[in-house]
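*Asks:* Need the 3D shape of this:
(one chain, ligands or ions: 1)
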Amino acid sequence: MMKQSHKQTSVNHRREDEISTSTQSYSPKMLKHPRSIPYIFKEQRLLFILVGILIGSAFFIFQPTLSRLNPSTHSSISTSIYHRHQDPASGSLRFASKGSFPGRVPAAIGKKRRRIVVTGGAGFVGSHLVDKLISLGDEVIVIDNFFTGRKDNLAHLFGNPRFELIRHDVVDPILLEVDQIYHLACPASPVHYKYNPIKTIKTNVMGTLNMLGLAKRVGARFLLTSTSEVYGDPLEHPQKETYWGNVNPIGERSCYDEGKRTAETLAMDYNRGADVEVRIARIFNTYGPRMCLDDGRVVSNFVAQAIRKQPMTVYGDGKQTRSFQYVSDLVDGLVALMEGRACGTFQPWQSRRVHHARARRGCQRDH
Ligand SMILES: O=c1ccn([C@@H]2O[C@H](COP(=O)(O)OP(=O)(O)O[C@H]3OC[C@@H](O)[C@H](O)[C@H]3O)[C@@H](O)[C@H]2O)c(=O)[nH]1
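*Replies:* Okay, here's the model as predicted:
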């Protein structure tokens, strides 16, 4: 047994040397049960210390991995961040993917700034709306496929940290975490929307469906830019919102007229069926800066012809009438409509009294 103890460790070897040379009396009790627990604890303490260090190191190495696999073991703050990360529509994906550990609160949280999507934001009306929202301190994401919109209309905002531009066609779904959606994407001039009528109606129906789906998913408020053309060839002048129109479902302009009518139907159905807060603005003939010279609408046509000293072309018998408005007035109206409490359909000359009556009745209403 003594021989075995010598082989085990040099510590033991030294100890036995000490024992043999010491003046203390030899204690046979110590060697009597060398494999007893007190003996092992006393003689193998170095081994125990090493094992302890190994277990401790292993715990600290694997602990973060384990916590990522099991978020339920963390505080409520880290759990909610994890769930936001799981939502594919959530912008939290961005900070989570940077490798932040659960429980670490990103700097952006706490500073609540509204995030607003403007579809068709590179267009004539859209770009003015984006300017207005940026001036109000909001974060703006523009979605545009540049069919009639131009990057030039937004060039002055490139580099602004509160501005983002995404080349995307609303006919395809997109996931974003936003507070408000201004849905403008669609060619509006008769020349442009008649160029590819199937694409026009697809943009109005599928594009609006996608944006309403997004609004429902993230709880965003939704504003649809509709048109005076939903009245078709109206038999009433001027047209009130309560007028249902005199429409032709198979005419050359129907891709736009009927497309916008369907978009309005979808918006109201999402309001009634899915509690999406919707606003519908029936926009009349608008003019102002950034309108393309080849826009095809009457104001730009007349201005372009006047500049070129050409005669102005009046279509038909010239007895048709239109309501015109300057683009900044329209943009102010769109923002007021979005921010107001009233849901439903509105025109520029809508009276305050009617707005409030609707607000009292709640968002849901039928014409
Ligand atoms: O050169 C022209 C252009 C147009 N016109 C006439 O002027 C009137 C206005 O026509 P526009 O092309 O400007 O457009 P509209 O008013 O018919 O619809 C437009 O305004 C409302 C928006 O909601 C629609 O998106 C947009 O199509 C029409 O009667 C048209 O025939 C001319 O007489 N000469």
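
*Asks:* ok, how many other residues are close to K199?
*Replies:* K199 has 17 neighbours, counted by other Cβ atoms under 10 Å. Heads up, the C-betas are built off the backbone N, CA and C, glycines and all.

*Asks:* Now do the SS call for it.
*Replies:* Following DSSP: H, G, I helix; E, B strand; the rest coil, K199 is assigned to helix.

*Asks:* Now the residue in the stretch 51-200 of the chain that the ligand sits nearest to. Nearest residue, chain neighbours left out?
*Replies:* As assessed by Cβ to the nearest ligand atom, the ligand sits closest to A188 within the stretch 51-200 of the chain, at 3.6 Å. Of all residues not flanking A188 in the chain, T227 sits nearest, at 7.2 Å (Cβ to Cβ, 6 or more residues apart in numbering).

*Asks:* Now that neighbour: phi and psi?
*Replies:* Main-chain torsions, T227, degrees, to the nearest 10: phi -150, psi 160.

*Asks:* residues touching it, list them.
*Replies:* Going by Cβ atoms under 8 Å, 6 or more residues apart in numbering, T227 touches 188, 256-257, 260, 282-283.

*Asks:* Specify which member of the residues you listed is nearest to F146.
*Replies:* A188 (14.9 Å; Cβ to Cβ).

*Asks:* picking up where we left off before, just put the contacts of T227 in a markdown table and tack on pLDDT.
*Replies:* Converted to a markdown table, the contacts of T227 look like this (pLDDT from 0 to 100):
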| residue | pLDDT |
| --- | --- |
| A188 | 94 |
| Y256 | 97 |
| D257 | 97 |
| K260 | 98 |
| R282 | 96 |
| I283 | 96 |
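
*Asks:* Name the member of those with the most neighbours.
*Replies:* Counting by other Cβ under 10 Å, K260 has the largest number of neighbours within the contacts of T227, with 28 neighbours.

*Asks:* Secondary structure element holding that residue?
*Replies:* For K260, the enclosing helix or strand under DSSP states H and E is helix 254-274.

*Asks:* list the helices and strands that helix packs on?
*Replies:* If contacts are counted by 3 or more Cβ pairs under 8 Å, 6 or more residues apart in numbering; DSSP states H and E, helix 254-274 sits against helix 190-193, helix 197-202, helix 208-218, strand 221-227, strand 278-283.

*Asks:* Name the nearest residue to N271, sequence neighbours excluded.
*Replies:* V278 (4.6 Å).

*Asks:* nope, L184 is what I was after
*Replies:* The shortest distance from L184 to any residue other than its chain neighbours is 3.6 Å, reached at G120 (Cβ to Cβ, 6+ apart).

*Asks:* which residues does the residue nearest to A188 bridge with?
*Replies:* Going by DSSP bridges, T227 is paired in beta bridges with I283.

*Asks:* From G56, how far off is it?
*Replies:* For T227, the distance to G56 (Cβ to Cβ, to the nearest Å) stands at 70 Å.

*Asks:* and the protein, which residues reach the ligand?
*Replies:* 188-190, 227-229, 283-285, 297-298, 301, 313-316, 320, 322 (Cβ under 6 Å from any ligand atom).

*Asks:* Surely the residue of the stretch 51-200 of the chain closest to the ligand is within a helix?
*Replies:* No - under three-state DSSP, A188 sits outside any helix and is assigned coil.

*Asks:* Please report how far it lies from I143.
*Replies:* From A188 over to I143 the distance is 16 Å, taken as Cβ to Cβ.

*Asks:* can you check T119 too?
*Replies:* Relative to I143, and taking Cβ to Cβ, T119 is found at 5 Å.
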